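using only what follows, build the 3D model:
(2 chains)
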Amino acid sequence: MDWSWLPKFLPLLPHGIFVTIQLLVLTMVFGVLLAIPLGLVQVTGPKWLASLARGYCTLLRGTPLLIQLYLLYYGLGSVFSSYPELRQSIFWPILREGYYYAVLAFVLNEAGYMGEIMRGAFLSVPKGELEAARAYGMSPFQVLRRVWLPRAFRNALPAIGGETILTLKATPLAALVTVVDIFSVADRVRQETYIIYEPLIMVMMVYLILTFIITRIFGHIERQIPVRH
Amino acid sequence: MVAVFQPGGNMIPEVLTFGRTGFADELLRGALMTVYIAAAAFMLGLFLGQFGAMAKLYGGPISRLVAGFYTTVIRGIPELVLILFLFFAGTRGISAVGQAVGYGPIQVNGTLAAILVLGFVQGAYSTEVFRGAILAVPIGQIEAARAFGMSRFQTFYRIIFPAMLPNAIPGLANLWLSVIKDTSLIVVTGAGGELFQATKTAAGFTKRYFLFYLVSGIIYLVLTLTSNFLLVRLERYVRRSQSKLA
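Numbering: from 1, shown residues only, chains lettered A, B, ... in the order given. Got it, this is the predicted structure:
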């Protein structure tokens, strides 16, 4: 084992961890926000909207995330760069940056998976509770905000925790489109020193610790919300 | 969509034809390779998963510890990192063994390495699927088998295994779909020659990135949708003897 590279490359680690966590949080927050309408229209929406949402989920769940990421970054990126107007516009620094493509790909992908989970969660709320809410004279939006959504969320929490860990494990793909996350630190060590195993072991330890922390956080949140068994 | 179609008005661009100028045959070969690697890795995963679940449920303290370590560590680390690590560690390990035995360094076939690595990862997930499925078998059936004087081994292969199979199918179906998609990650090792690798080569060579990643996405979708179609039928078949839930 050769850890002589550690002092030189250790300072890169905090930034890498920060970027990974940032990717994870952005993906989960926007993924869930997008998943709520995706799940909802599959349960109550008009037929065409429901099948559109179902089609979206099937499409995103049926293809590898890596393909989706490359389609956006290299595919869309190469289309964008063929327009000189775009290259001179103020948006170009954003359109050139792999980070935004990674966030977009992750969010769209996550919404596909979470959409299915939210659909199940909306269905799992007992009908009687919704009827009671309506009987109190709540408008459909009030029913959603006060009863349906909170109850569905509670039911979906364990699945959301699982999805968060799966998303964490998807984040290193961002390193393939030039994002400097934890995984890219190992890549850099390998490129500069030809040491392969030790940096990968370090990166694996970081991911294991993050997984452990996420499990703990979700366990804590779940205990905060009382459930009647 | 500008880049998808050629200006000539041809629906199928020349780069997507078979033969020397097109990449259709390369993509097709890549797709077959993907199915082959995924199937072999899935089988290896089932094999490892069997032992993993048995070790976790019926094993002694040491085998429990090893199996627990295996599933926790593998399932807590990104596949991409694992694949890279196991690929380098595995090929170097096998090579070192070859050298020690006196064969000299063995060149490990990239496809084989990909299968072994993905199978090893799949094994951890299969272990959990099998463990859950076995736990869902009614304990009375197992006790009845014991009461008939069956040995532990007989109980497992005559009673537990067939009874847990329907419970395991949905989880295993998910694993099969994920291993198809995970084959794309092999690209980081530069080995394998599966669909994603073929797509990357074709896209880089022709500079038609959007077109090729789109087409390749459609091929993956066809693979997963076909699998889904067959798996739903398989589940219905293995559940035919179970009573319907209300």
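
and the helices in the chain?
With no chain named, the answer covers chain A. Secondary structure of chain A by DSSP state H: the helices cover A:6-9, A:12-44, A:47-62, A:65-70, A:77-81, A:84-88, A:92-96, A:98-124, A:127-135, A:140-143, A:149-170, A:182-193, A:197-224.

oops, I was thinking of chain B
Going by DSSP H, chain B shows helices at B:24-58, B:61-76, B:79-101, B:110-135, B:139-147, B:152-154, B:161-182, B:195-206, B:209-238.

among the ones you listed, which is nearest residue A:54?
Proximity to residue A:54 (C-beta to C-beta) singles out helix B:209-238 among the helices of chain B, at 12.8 Å. Heads up, the C-betas are built off the backbone N, CA and C, glycines and all.

list the helices and strands the closest one packs on?
helix A:47-62, helix A:65-70, helix A:77-81, helix B:24-58, helix B:161-182, helix B:195-206 (3 or more C-beta pairs under 8 Å, 6 or more residues apart in numbering or on different chains; DSSP states H and E).

hmm, who's touching stretch A:23-37?
A:53, A:102-103, A:106-111, A:113-115, A:117-118, A:149, A:160, A:163-164, A:167-168, A:171, A:174, A:179, A:181 (C-beta atoms under 8 Å, 6 or more residues apart in numbering or on different chains).

and the residues you listed near chain B, which?
Restricting the contacts of stretch A:23-37 to those touching chain B (C-beta under 8 Å from any C-beta of the partner chain) yields A:168, A:171.

list buried residues within the contacts of stretch A:23-37.
For these, a burial check counting by 16 or more other C-beta atoms under 10 Å in any protein chain shown picks out A:53, A:102-103, A:106-111, A:113-115, A:117-118, A:149, A:160, A:163-164, A:167-168, A:171, A:174, A:179, A:181.

give me every residue that touches residue B:185.
Per C-beta under 8 Å, 6+ apart, neighbours of residue B:185: A:64, A:66, B:79, B:80, B:83.

what is the nearest of the residues you listed to residue A:139?
For the contacts of residue B:185, the nearest to residue A:139 is residue A:64 (42.2 Å; C-beta to C-beta).

quick one on the thing from earlier: tell me the most buried of the helices of chain A?
helix A:65-70 (a mean of 25; mean count of other C-beta atoms under 10 Å in any protein chain shown).

flag the shaky bits of the chain, pLDDT-wise.
Answering for chain A, as no chain was given. Within chain A, the stretches with pLDDT under 70 are A:227-229.

hmm, no, I was thinking of chain B.
B:1-12, B:105, B:192, B:243-246.

enumerate the residues of it near chain A.
Near chain A, when you scan chain B using C-beta under 8 Å from any C-beta, you find B:2-3, B:73, B:76-82, B:84-85, B:88-89, B:177, B:180-185, B:187-188, B:196, B:199-200, B:203, B:207, B:209-211, B:213-214, B:216-217, B:220-221, B:224-225, B:228.

would you point out which residue of chain A is nearest chain B?
residue A:75 (3.5 Å; C-beta to the nearest C-beta).

would you confirm that that residue contacts residue B:216?
No - using C-beta atoms under 8 Å, residue A:75 makes no contact with residue B:216, being 10.3 Å away.

now render the helices and strands packed on helix B:209-238 as a markdown table, adding distance to residue B:65.
Converted to a markdown table, the helices and strands packed on helix B:209-238 look like this (distance: least, C-beta to C-beta, whole Å):
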| stretch | distance to residue B:65 |
| --- | --- |
| helix A:47-62 | 35 |
| helix A:65-70 | 33 |
| helix A:77-81 | 48 |
| helix B:24-58 | 9 |
| helix B:161-182 | 24 |
| helix B:195-206 | 37 |
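
circling back to that earlier point, give the closest residue to the residue of chain A closest to chain B in space, chain neighbours not counted.
What sits nearest to residue A:75 in space, not counting adjacent residues and going by C-beta to C-beta, 6 or more residues apart in numbering or on different chains, is residue B:210, at 3.5 Å.

could you do residue A:138 as well?
Per C-beta to C-beta, 6+ apart, closest to residue A:138 is residue A:146, 6.6 Å.

closest to residue A:136 among the contacts of residue B:185?
Checking the contacts of residue B:185 against residue A:136 by C-beta to C-beta gives residue A:64 as the nearest, at 46.9 Å.

tell me the contacts of that closest one?
Contacts of residue A:64 (C-beta under 8 Å, 6+ apart): B:180, B:181, B:182, B:183, B:184, B:185, B:196, B:220.

farthest-apart pair in the residues you listed, please.
B:185 and B:220 (12.8 Å).

which residues touch the residue nearest the centre of chain B?
Chain B has residue B:179 as the residue nearest its centroid, 3.3 Å off, counting by C-alpha atoms, centre = their mean. Residue B:179 makes contacts with B:38, B:41, B:42, B:45, B:118, B:122, as judged by C-beta under 8 Å, 6+ apart.

not counting sequence-adjacent ones, nearest residue to it?
residue B:38 (4.8 Å).

I'm done for today, thanks for sticking with me.
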